[in-house]
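1. Make a model of this:
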Amino acid sequence: MRAVWLREFGGPEVLAPGPAPDPVPGPGQVLIEVAHANLTFVETMFRASGFGPFARSLPLIPGNGVGGTVTGVGHGVDPELVGRRVVSGTGGAGGYAERVVVDRDAPVPVPDGLPLDEAVALLADGRTALMLVRAAGLRAGERVLVEAAAGGVGSLLTQLVAAAGARVVAAAGGPRKVALLRERGVGVVVDYREPNWTDRVRAATGGVDVVFDGVGGSLARAAFDLLGTGGRMLSYGLASGAWAELPADLAAARGVALLRPGASPAELRALTEQALAEGAAGRLRPLIGQRFPLERAAQAHADMESRATIGKTLLDVR
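-> Numbers count the residues shown, from 1 in each chain. Here you go, the predicted model:
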């Protein structure tokens, strides 16, 4: 089968297309014919340095999220699963390929009416956005700053915040992303690459009650200063390469709660199912900004690292 290999850590160019043995499902496993592979920023960090939650030795086929059709099952698995459209995590590797084998409990069925590419776009980002909104305990009328609001998670958060009756304040990098958010109906949008962007937020809103921080670093530190007593800051990513340096004693003195939400595997599955259901109902629409054929995974990584992408980036495998 066709696949993309990672044989050494380094720049995007180390991702090399090449053949791989066809996987065969063993007892308790299913075989998925992959249509789309989900790309996340943490995968670019793993490719560069080995950073990430999944310890793996090289060489390997990277990729931790796929969508496709079950085409085979191993011993002890219900054969009725064959033909079912699913999304699935891979356990940390194997996703940049035409086929992948996973445990039978890993795939999540895709509801009728939801395109498979949108389901893959909601696999990781949808459950993350739902988890964050749940943890924030949003109240109607609150002012909510979404960092990287034109990204995969950020674009979903803007929808969920608005649906909760709160006021969306979007921060994005560059005129193209700012224009996109305004076209999508976001009222307050600022370019965080411009100096004094927090002054514009404060002038428009007076400050914010909640910050969804997927960037970290200096951007998150500046966003923190917009929060007042009773504010909540939820950090879930470090696209800048580092978490924000926010001393707990400073947050306590300001009356701000610093939150880093998490979920058990069972909760993550339930959140994934909820995201897919919301997508099928048309209430949660992922922004698929760019797509690449499998063989151009290196270019996809390069574009993500350069911040040239918007929304979700997919590899179209089939």
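2. so where do the helices sit in the stretch 101-250 of the chain?
-> 116-123, 125-136, 152-163, 175-183, 197-205, 217-224, 248-254 (DSSP state H, counting those that start in this stretch).
3. Using a markdown table, please lay out those helices together with mean pLDDT and mean neighbour count.
-> C-beta: built from backbone N, CA, C; applies to glycine. Formatted as a markdown table, the helices of the stretch 101-250 of the chain follow (pLDDT from 0 to 100; neighbours: other Cβ atoms under 10 Å):
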| stretch | mean pLDDT | mean neighbour count |
| --- | --- | --- |
| helix 116-123 | 98 | 26 |
| helix 125-136 | 97 | 23 |
| helix 152-163 | 97 | 25 |
| helix 175-183 | 95 | 17 |
| helix 197-205 | 97 | 16 |
| helix 217-224 | 92 | 19 |
| helix 248-254 | 90 | 11 |
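4. Can you give the distance of the helix or strand hosting Val66 from its chain's centre?
-> Element membership of Val66, judged by DSSP states H and E, is strand 65-73. With Cα atoms, centre = their mean, to the nearest Å as the basis, strand 65-73 stands 20 Å off its chain's centre.
5. in which helix or strand would I find Ala35?
-> strand 29-38.
6. contact partners of the helix or strand that that strand is followed by?
-> Heading C-terminal from strand 29-38, the first helix or strand you meet, by DSSP H and E, is helix 41-49. Residues from elsewhere that reach helix 41-49 (Cβ atoms under 8 Å, 6 or more residues apart in numbering): 6, 9-12, 14-15, 51-54, 62-64, 237, 239, 241, 301, 304-305.
7. helices or strands up against the helix or strand bottoming out on mean pLDDT in the chain?
-> Scoring the helices and strands of the chain by mean pLDDT, DSSP states H and E places helix 248-254 at the bottom, with a mean of 90. If you count contacts as 3 or more Cβ pairs under 8 Å, 6 or more residues apart in numbering; DSSP states H and E, helix 248-254 packs onto strand 227-235, strand 257-259.
8. could those strands be laid out in TSV, adding mean neighbour count and mean pLDDT?
-> Converted to TSV, the helices and strands packed on helix 248-254 look like this (neighbours: other Cβ atoms under 10 Å; pLDDT from 0 to 100):
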stretch	mean neighbour count	mean pLDDT
strand 227-235	18	95
strand 257-259	18	94
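9. Confirm Ala308 sits in a strand?
-> No: assessed with DSSP: H, G, I helix; E, B strand; the rest coil, Ala308 is coil; it does not lie in a strand.
10. contacting residues around Val144?
-> Applying Cβ under 8 Å, 6+ apart, the residues near Val144 are 136, 138, 161, 166-169, 208-212.
11. Which one of those residues is nearest to Val317?
-> Nearest to Val317 out of these is Phe212 (Cβ to Cβ; 30.7 Å).
12. quick revisit: paired strands for the strand holding Ala35, with orientation please.
-> Strand pairing for strand 29-38, using DSSP bridges, gives strand 65-73 (antiparallel), strand 99-103 (antiparallel), strand 312-316 (antiparallel).
13. before we move on, the earlier item: tell me which of the contacts of helix 41-49 fall in strands.
-> In strands, judged by DSSP state E, the following of the contacts of helix 41-49 are found: 6, 15.
14. are any of the contacts of helix 41-49 buried, and which?
-> Neighbour-count burial (16 or more other Cβ atoms under 10 Å) is assigned, among the contacts of helix 41-49, to 6, 12, 14-15, 52, 62-64, 237, 239, 301, 304-305.
15. Quick check: which of the helices of the stretch 101-250 of the chain is nearest to Arg232?
-> helix 125-136 (5.7 Å).
16. what about the longest helix anywhere in the chain, distance to the chain center?
-> Longest helix in the chain by number of residues, with DSSP state H as the criterion: helix 265-280. Centre-to-centre, helix 265-280 and its host chain are 14 Å apart (Cα atoms, centre = their mean).
17. residues in contact with it?
-> Helix 265-280 is contacted from outside by 87, 108, 110-114, 118-119, 122-123, 126-127, 129-131, 263, 284-286, using Cβ under 8 Å, 6+ apart.
18. Which other helices and strands does the helix or strand that it is followed by contact?
-> Next helix or strand after helix 265-280 toward the C-terminus (DSSP H and E): strand 288-293. Packing contacts for strand 288-293, counted by 3+ Cβ pairs under 8 Å, 6+ apart, involve helix 116-123, helix 297-305, strand 312-316.
19. Let's have those in a markdown table, adding distance to Glu80.
-> Output for the helices and strands packed on strand 288-293, formatted as a markdown table (distance: least, Cβ to Cβ, whole Å):
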| stretch | distance to Glu80 |
| --- | --- |
| helix 116-123 | 19 |
| helix 297-305 | 33 |
| strand 312-316 | 28 |
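20. Minimum distance to Arg104: which of these has it?
-> So among the helices and strands packed on strand 288-293, helix 116-123 is nearest, using Cβ to Cβ, at 17.6 Å.
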